[in-house]
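Enquirer: Need coordinates for the following:
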Amino acid sequence: MNMLRVFAAGLVSTLLLSGCFYAHVLTPLDTNVDKTALGQKTGKASSQSVLWAAAWGDAGTAAAAKNGGITTVNHMDREFYSVFFGIYTETTTIVYGD
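Expert: Modelled structure (predicted):
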């Protein structure tokens with residue numbers, strides 16, 4: 001019975017803490033991705049934060065389009081990177097277009 005409790009506690013801990021130590025996720029910001037043409041250019045813009053106390057950067061669509069020289073945005077992705085419960089996080093907007 002004790003082994004079952006240890007296993008159950010380990011399973012619950014794993015489920016609750018998944019992604020807390022390290023997370024690197026890329027997700028689309030489009031609902032109709034099967035009909036999206038990406039385009040010839042790519043632009044990125046990021047924002048960072050440290051120790052939940054200081055944050056800087058511009059991860060907006062306009063900044064990403066400007067950085068890639070894009071005038072028509074066809075598709076966008078969001079990239080999220082986090083280390084150890086968010087001590088350091090970085091969010092990047094990636095735009096594709098012409």
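Enquirer: Going by neighbour count, which residues in the one helix or strand Lys44 maps to are buried?
Expert: If you go by DSSP states H and E, Lys44 is part of strand 41-50. Using 16 or more other C-beta atoms under 10 Å as the test for burial, strand 41-50 gives 41-43, 45-47, 49. For the C-beta atoms, the positions are set from N, CA and C on the backbone; glycine is no exception.
Enquirer: And for stretch 71-79?
Expert: If you call a residue buried by 16+ other C-beta under 10 Å, then stretch 71-79 has these buried ones: 73-77, 79.
Enquirer: Among these, which pair sits farthest apart?
Expert: The distance between the two most remote of the buried residues of stretch 71-79 (C-beta to C-beta) is 17.5 Å, for Asn74 and Glu79.
Enquirer: now the strands: where do they sit in this structure?
Expert: Secondary structure of the chain, counting by DSSP state E: strands at 22-28, 41-50, 54-57, 73-83, 88-97.
Enquirer: Least reliable of the ones you listed by average pLDDT, please.
Expert: Looking at the strands of the chain, the lowest mean pLDDT belongs to strand 22-28 (a mean of 85).
Enquirer: Hey, what's the angle from that one to strand 73-83? Just curious.
Expert: Put simply, strand 22-28 runs at 170 degrees to strand 73-83, going by axes from the mean of the first three to the mean of the last three C-alpha atoms, to 10 degrees.
Enquirer: most centrally placed residue in this protein?
Expert: Phe80 (1.9 Å; C-alpha atoms, centre = their mean).
Enquirer: measure it to Val6 for me?
Expert: Separation of Phe80 from Val6 (C-beta to C-beta, to the nearest Å): 33 Å.
Enquirer: Could you do Leu29 as well?
Expert: 42 Å.
Enquirer: and the two? which has more neighbours close in?
Expert: Neighbour totals were compared for Leu29 and Val6, and Leu29 leads with 13 against 10 (other C-beta atoms under 10 Å).
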